[in-house]
Structure formats: structure tokens, C-alpha cells
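Undergrad: I would like to see how this sequence folds:
(2 chains, ligands or ions: 1)
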Amino acid sequence: MAKFEKASSIGEWLDQRIAVETLKKVMQTEYWIPKDINFLWAMGMVLAATFGILIVSGIFLLMYYQPHVDHAFDSVNYLIMTEVGYGWLWRHIHGVGASLVFLIIYIHMFTGIYYGSYKRGRELIWISGMLLFVLFSAEAFSGYMLPWGQMSYWAGMVITNLFSGGSLEAYGLVEWIRGDYVPAQAFLTRFFMLHVFLMPLMIIGAIVFHFGTLRIPHVNNQEGEDFDYAEAAELYKAGKVKESKVIPFSPVFLSKDVFVMGVYFVLFFYLVFYNFSFAMDPVNFDPANGLSTPAHIYPEWYFLWSYEILRPFSKDIGLILFAISQVIFFTLPFLDRSPNVAPASRRGLFKYWFWILLVDCLILTFMGKLPPTDPTFASIGLVSAVIFFALWIALPIITKLEKKL
Amino acid sequence: MNKELKIFAVVAAFTIALYWGVEPFAHSQMHAHVDGNGLVYDGKADIAYTSKDKVKAKKAFWADVKTIAALKGDVTAGEAGFATCTGCHMDGAANMGGVTPPILDHAGALYDKNYLIALIKDPAMAMNTDHKFTGTRTHPMGSIKAMMTDNQQIADVVAYIKAKKAGEVTPKEAYVESCGRCHANRYGNSTQLGETPKFKYKKDELAYQIKVLEEQDLIKAYMGKIPPDLSIIYRARSHHFLETFIENPQSQLHGTAMPRVGLSENGMHKVMAYLEETGDPSKPARDALGPWVLLFFVIFTILAYLWKNSLWRDLH
Ligand code: HEM
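TA: Now for the predicted structure:
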């Protein structure tokens, strides 16, 4: 057993037992971050903060929510919105947060793509990030079921139907997922479990893993420069902060994160109070009704791009492409054959690849919400979906051709 | 710094484009835009969208309404005529042909003058549901056509209603009197039978529930379906949709069973206020709290900026 002496302060007492000083060094004051970064590198902490907000607001909602098909709708829309003190505030925060988290995830992802932060040692950062994306998608979808409105019911119907596998007609699987022939009590209860327990648990695990994967390769920087961290850290510690290429995570980098979070929170709470319907679809304020299909069924905005990949094709092909689009981003570190870690602007054809991908995803998103009956929009959707896959096929080729910088 | 602002501008531009595409643009494409008629009841839309064989009858009907509207009504004479109405429209009235006639205590404030004239002249035409009442089927208020045939009498009754039944009306009264006979509002604690009382004994409560179900069965037989509960309709539909829908349901849901409710501007205002009260009750609290929370985060951001600057000043 280690030797324990009488501690003269709480800090010392804790240090003897759980080495808080070392922890502080490892995780804060000597966790080195490159200096040459911009506010986009704050998005990770913004995500962590938003996740925290979602957890806290979710706990408050959980105290009054009732996962029963006859009571769920009113427990949310009446009990929480009317009777519970500030219940409306927690609900709006939770709804807006769930939507904004995806906006930030997308910004965070495209930042990674732009700066090539997914290769040369950073593959696992990317893969764990994609894992978070998938888990967040499941979390958002399961949460969307809970108010048991028209969109909960019908989106639940449509998405679980996908598991029948088109012509495979695996309806047994669909029923197994639903626990019934149609979305009903069993369905609601299991999605409730997923949303408040299993998914958050896995997300927390994945966040820890994601943070862990960052430690050894360190985060990338604006020029994709590779330098000796130990040397740079020594310079910093020696007081030559100007010459050093690194800064400690806390408090220096964190102070910038906090500033960026501040700007983000102003937007966040503006939306919570004054403009929330983008995150809380009006159709979901009609109670679930299995006998009346809504005129338009569409997912929340963050799923629209992949929904649009599903729609324009025949049943089976659409399903296969949809499945591929869900996982294709995982393969990015391996499809990119170029040795360069640099911003896209300096990477020849990849520069165009990046911007086309971004705009294409945006157009897919637009088209995903429009009624499929309009032939112009349907063709734009089809073309964008084809471009999406063409880009992924082209990626290994154009990156192979890329000149080494 | 300059570079960061440029990057921020790019991110912001894409975010705004994204928002535009999935919100205003998508909604403009998903829902046909319907213009209201400014709560003027002249049958314009009814004539435009009816079947060919009915155009003439509708034109003639609304021309008559216009003629009657030009007559000078006599309030005193109208009082006697109004007694015809209260034969059906009274407190505690029973269901009649599918619905319970509403009380008319605030009819003068709630309904438009021309609409009232049209309603007395021919309820089905006024409500734009005449297509439903063919053959032997008659509108529940249809007998008024035979009871009140004289144009001057109609003008008198309407003048009376506009003068004597136009007192101050609360949002709740407006809702109960103009929508309540068909639509429940459980967040407002009302059914088609009005506000649900509190019961001491379970037995009485169940007996009351049976009465509600019976009333709903009658409404269903008349309308083809039970009209939706309007508790939270205010968040499920846009304000514009609701206003144009109430003014002329056929314009938004073609062939719908819901009759026109000829609300005046004041009536519409009050009904919407009630729908907002039950459907979006946190609006006043949001407006009160919002500015303070935003102010807090603006100050937070400024302080964070100063802190960041103090730490980063010597780095470059
Ligand atoms: C809620 C989910 C997530 C959280 C909390 C999170 C958190 C973080 C944090 C704190 C960082 C370091 C600071 C920064 O560069 O922003 C980071 C870096 C990174 N994340 Fe995430 N992240 C999440 C999701 C994702 C997703 C979905 C992806 C992409 C598939 C991803 C890919 C990356 C990459 C590539 C880096 C390294 C950036 C670089 O080296 O410059 N992350 N993440």
C-alpha cells in the first residue's frame, strides 16, 4: 500500500488518493493543442456542451413524461407544456438542442473533411466520430417517437418498414423490431427505453472513446502541419509561448471554446424562445392516428439527405443505396488515397470534390422534404443522388492522382 | 482574425441556405397558398369553385344577400323575429339533426352581418355545405327558410342581433359559441356538451361520459366523422391556415364536412386567442423570459471574449 501522510489541504488529500495533480496535467494544463486553429475546432466542445444540455433537459422531461400510447401525447403537450413550471422551457430546449446538435455535427464533420483530419493516425478519431453520428441518429429517431404525434407514428411506421429489406419481405424482422404488427404500446415502450437509457449510455461511451482517440495523434491544425509536440511543449513550458506552436487545452484553448459557446448559446436561446418550429414539426402536434396518413411524411431535416437517396430509385436499389449512404462516410480515411494532410484548398481536385459534396448534400436535403410528385424536384433529387455516389467512386481516383505537397 | 470572420461567413451562409431550404421554401412547396377573402362574405369563392349547374343559384343567392344587406333594419321589429331563433337556440337546447344549436348571446359580436343574413336566408348555402343537403336531407337549421321568408324581416332580425347581442365576449365564450358544439377541447376541459363539470361520484361521471359519447355519435352521423379536438391545433396548423380555413373550409380541405363559420373580425380574433390559450399557453412566459436569457448570454459572451483575449494576447 502507498504511504499516506496527513494532508494540509483538500487538494493534497485528493492528490494522494487519486492523483488529481497528474490528472489535471494530463487532461488540462499539459494537454497540448496546436495554436494554428480557428473557431471550427471549438465545435467538438460545443457538441459536448449541447449533449450536456440535452441530458439535463431530458432528465427534467423524464420526470413527467408517460410512455403510454394513451397518455404520451398529453403528458408532453399538456402536462409538461402547461402544468409543470417551466416545463415548456425544458421541452423547447430539448427540441431545439436535438436539432442544433446535428447542425454542429455536420459542421464538425465537414471541418474534418476539409482539413483532412481523418488520416495519418487520425483514422480512429474519424471512425469513433462516425459512430457518434450513427448513435445520435438513433437517439434522435427514438426520441422523435416519444410524443406519439402523427409524425412519430408515421415516421416510425415508414422507417421500421425499411427493415423488411424491400423484396426480401422480411416482415418478421419488422414485427420483431416493433413488437407488434404496427407501432403500438410495445413499440413506444422499447423506443422509450432506447432513448432514455441504452442510446445515451452508448453515446457517453463513444464520446469517451472519441476523446481517447484524439490524445495520441493530437488534433489537426489549419495547415495540416506535422510537428514535434514534445519539443513545442517544452518551448511553451519554458515561457517561450510566442515561438511555441502549442497551447495548453486549459485554460488557453478552453477560453476560446467558451467564447464560441457563448455565441452559439445566443443563437440557441434565440431559437428556443422565438423560432422553434423548425425543430418541433407542426404535424407532430396532431395526435397519432393509425387511420389517417398525413399528406406528407418526411423525417427531421438532418435525415433528409439520406431520405432523398432512398426515394428516387426503385424499392430495392433505393434501399441498398440508402444503406450504403448511411455507412459510406466511415470509409473516408481509406478511400482517400492521398498522403497529404492539408486543407482542401491546397489539394488539387479534392478541393472541388469537397465543395461539390457539400453542395450536393445541401441539395439532397432540400429535395428530401419536397413532395415527390413534382417531376422537376424529383429529377433534381435523382441527379443529386447519382452525383453523391459518383463522388465516392471518384474519390480514390482523384486522391491517387493528387501530387504530394 | 480576419480569416476567422471569413470562415464564419461561409459557415453562416451555408446554415442560412440550409434553413431556407428546409423551412420557408419547403413549406411554400408543400402547402398550396390560399388567400382569404378578408372576412368579407360575398360568396365569391363559393361561386368560383362550385359545380357548373350550381353557379346560377349561388350567384342569385349572394346577390339577394347583398340586397338585404342594403335594407335598413329595424331593431325593435327584429326583437319579435328573434324569438323564432330562440325556439331552437337556447341554453340547454337538445341535439337537433346532429348538433346542438349554440346559444346566440354574443352572435352580434361573433358573426359578420352579411353572413347572418345569408345564414337565415339559407343556412346550407351560407355555410357552403349545400352539396351535402340534396334529396330529402335537410340542414338542421333548414326550417328557418320557411319560417322567415321576408327580406325586411331578415334585415330586422340581423339589425337586432347586431345591436343587442353584441356585448363584450371573452375568448372562451367565442370558442364555445362558435366551435364548441362540434369540437371538444380537452386542454380547455370542454366537450361538445360544454365545460365538463366536476363530479363527486364516479357513477355520475360515467353517466356524463355516456351523454358525451351519445352526442358525439350524433355528430358523427351528421358530419361523417367526429371533428378533431382543437386543444393544440394552434401549433399543428399555421395561423394563416386556421383563419382561411374557418372563413371557408372548402378552400383548404376540398369536400370537407366542416361548415363555414362566418366570423367577424372581432369573432375571429377572439376564437384565435382561445386556440392560442389552450394550444400555446407558454407564449406570454416566453416573451417575458426570452429577453433576459438572451441578455445573460450576450454578457456571458462578452466576458468570455475578454477572458480569451487576456489569455491569447501574448501568444502571437
Ligand atoms: C456528439 C458528438 C461529438 C462530440 C462530443 C465530439 C467531440 C470532439 C472534440 C471535443 C474534438 C476536439 C476538438 C475539435 O477538433 O473540435 C473532436 C475532434 C474531432 N472529431 Fe468529434 N465529436 C463528435 C462527433 C464527431 C463526428 C460525428 C465526427 C465525424 C465523423 C467527428 C470527427 C472528429 C474529428 C475528425 C476530429 C479531429 C479534428 C482535428 O483533428 O482537427 N466527431 N470531436
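Undergrad: how near is the residue in the stretch 51-200 of chain A that the ligand sits nearest to to residue A:339?
TA: Scanning the stretch 51-200 of chain A for the residue nearest the ligand gives residue A:129, at 2.2 Å (criterion: CB to the nearest ligand atom). Any C-beta I mention is one placed from the backbone N, CA and C, and that applies to glycine too. Counting by CB to CB, to the nearest Å, the separation of residue A:129 from residue A:339 is 22 Å.
Undergrad: for the helix or strand hosting residue A:135, what is the average pLDDT?
TA: Using DSSP states H and E, residue A:135 sits in helix A:123-145. Per-residue pLDDT values across helix A:123-145 average out to 98.
Undergrad: ok, now stretch A:317-331?
TA: Mean pLDDT, computed over stretch A:317-331, is 95.
Undergrad: buried ones in it?
TA: A:318, A:319, A:321, A:322, A:325, A:328, A:329, A:330, A:331 (16 or more other CB atoms under 10 Å in any protein chain shown).
Undergrad: pLDDT weak spots in the chain?
TA: Using chain A. Scanning chain A for pLDDT under 70 picks out the ranges A:1.
Undergrad: other chain: chain B
TA: B:1.
Undergrad: so where's the longest helix in it?
TA: helix B:283-312 (DSSP state H).
Undergrad: secondary structure element for residue A:11, which one?
TA: Per DSSP H and E, residue A:11 falls inside helix A:10-18.
Undergrad: centre of the chain to that helix, how far?
TA: Put simply, helix A:10-18 sits 37 Å off its chain's centre (CA atoms, centre = their mean, to the nearest Å).
Undergrad: contacts for it next, please.
TA: Helix A:10-18 has contacts (CB atoms under 8 Å, 6 or more residues apart in numbering or on different chains) with A:2, A:4, A:5, A:7, A:20, A:21.
Undergrad: now what about the next helix or strand after it, what contacts it?
TA: Note on helix A:10-18: by DSSP H and E, the next helix or strand toward the C-terminus is helix A:20-24. The contact list for helix A:20-24, computed with CB under 8 Å, 6+ apart, reads A:11, A:14, A:15.
Undergrad: with those residues in mind, which one is nearest to chain B?
TA: The shortest approach to chain B among these belongs to residue A:11, at 22.7 Å (CB to the nearest CB).
Undergrad: any idea how far the ligand is from that closest one?
TA: Counting by CB to the nearest ligand atom, to the nearest Å, the separation of residue A:11 from the ligand is 26 Å.
Undergrad: what's the answer for residue B:278, then?
TA: Where the ligand is concerned, residue B:278 sits at a distance of 37 Å (CB to the nearest ligand atom).
Undergrad: which other helices and strands does the one helix or strand that residue maps to contact?
TA: Assigned by DSSP H and E, residue B:278 belongs to helix B:265-279. Judged by 3 or more CB pairs under 8 Å, 6 or more residues apart in numbering or on different chains; DSSP states H and E, the packing partners of helix B:265-279 are helix B:107-110, helix B:171-178, helix B:233-236, helix B:239-247.
Undergrad: show residues contacting it.
TA: A:285, B:39, B:109-112, B:169-175, B:178-179, B:185, B:187-188, B:230-236, B:239, B:242-243, B:246-247, B:263, B:283.
Undergrad: now stretch A:314-334
TA: A:109, A:113, A:118-119, A:122-123, A:126-127, A:130, A:133-134, A:162, A:165-167, A:305-306, A:309-313, A:385, A:388-389, A:392, A:395.
Undergrad: buried sites along stretch A:176-186?
TA: Buried residues in stretch A:176-186 (16+ other CB under 10 Å): A:177, A:178, A:183.
Undergrad: ends of it, what's the gap?
TA: End-to-end distance of stretch A:176-186 (CA to CA, to the nearest Å): 10 Å.
Undergrad: need the contacts of helix A:20-24 in JSON lines with neighbour count, can you?
TA: Converted to JSON lines, the contacts of helix A:20-24 look like this (neighbours: other CB atoms under 10 Å in any protein chain shown):
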{"residue": "A:11", "neighbour count": "12"}
{"residue": "A:14", "neighbour count": "14"}
{"residue": "A:15", "neighbour count": "16"}
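Undergrad: which among those residues gets closest to residue B:128?
TA: residue A:14 (76.8 Å; CB to CB).
Undergrad: ok, back up a step: how about the helices and strands packed on helix B:265-279, which one is nearest the ligand?
TA: helix B:233-236 (28.7 Å).
Undergrad: who's in contact with the closest one?
TA: A:277, A:280, A:282-283, A:285-286, B:242, B:272, B:275-276, B:278-280.
Undergrad: please identify the deepest-packed of the helices and strands packed on helix B:265-279.
TA: helix B:107-110 (a mean of 24; mean count of other CB atoms under 10 Å in any protein chain shown).
Undergrad: helix or strand right after that one?
TA: Remark: after helix B:107-110, the chain's next helix or strand is helix B:113-121, criterion DSSP H and E.
Undergrad: what angle separates that next one from helix B:239-247?
TA: Here the directions of helix B:113-121 and helix B:239-247 differ by 40 degrees (axes from the mean of the first three to the mean of the last three CA atoms, to 10 degrees).
Undergrad: and the next helix or strand past helix B:113-121?
TA: Taking DSSP H and E, what comes next after helix B:113-121 is helix B:123-126.
Undergrad: and that following helix, what does it pack onto?
TA: Going by 3+ CB pairs under 8 Å, 6+ apart, helix B:123-126 lies up against helix B:113-121.
Undergrad: do the strand or helix carrying residue A:95 and the ligand come into contact?
TA: Secondary-structure assignment from DSSP H and E places residue A:95 in helix A:87-115. Yes. Counting by CB under 6 Å from any ligand atom, the ligand is contacted by helix A:87-115 at A:105, A:108, A:109, A:112, A:115.
Undergrad: point me to the residue of the stretch 101-250 of chain B nearest chain A.
TA: residue B:236 (3.8 Å).
Undergrad: chain neighbours aside, what residue packs nearest to that residue?
TA: Nearest-residue entry for residue B:236: residue A:285, 3.8 Å, with adjacent residues in sequence omitted and distances by CB to CB, 6 or more residues apart in numbering or on different chains.
Undergrad: ok, that neighbour - how many residues close by?
TA: Using other CB atoms under 10 Å in any protein chain shown, residue A:285 has 24 other residues around it.
Undergrad: how near is it to residue B:188?
TA: Counting by CB to CB, the gap from residue A:285 to residue B:188 is 16 Å.
Undergrad: what about the residue lying closest to residue A:156 once chain neighbours are set aside, which SS state?
TA: Leaving aside its sequence neighbours, residue A:156 sits nearest to residue A:183 (CB to CB, 6+ apart; 4.5 Å). Three-state call for residue A:183 (DSSP: H, G, I helix; E, B strand; the rest coil): coil.
Undergrad: was I right to think residue A:183 contacts residue A:160?
TA: Yes. Under the contact definition of CB atoms under 8 Å, residue A:183 touches residue A:160, with a separation of 7.2 Å.
Undergrad: for the stretch 101-250 of chain B, which residues are neighbours of chain A?
TA: B:186, B:187, B:228, B:231, B:232, B:233, B:235, B:236, B:237, B:238 (CB under 8 Å from any CB of the partner chain).
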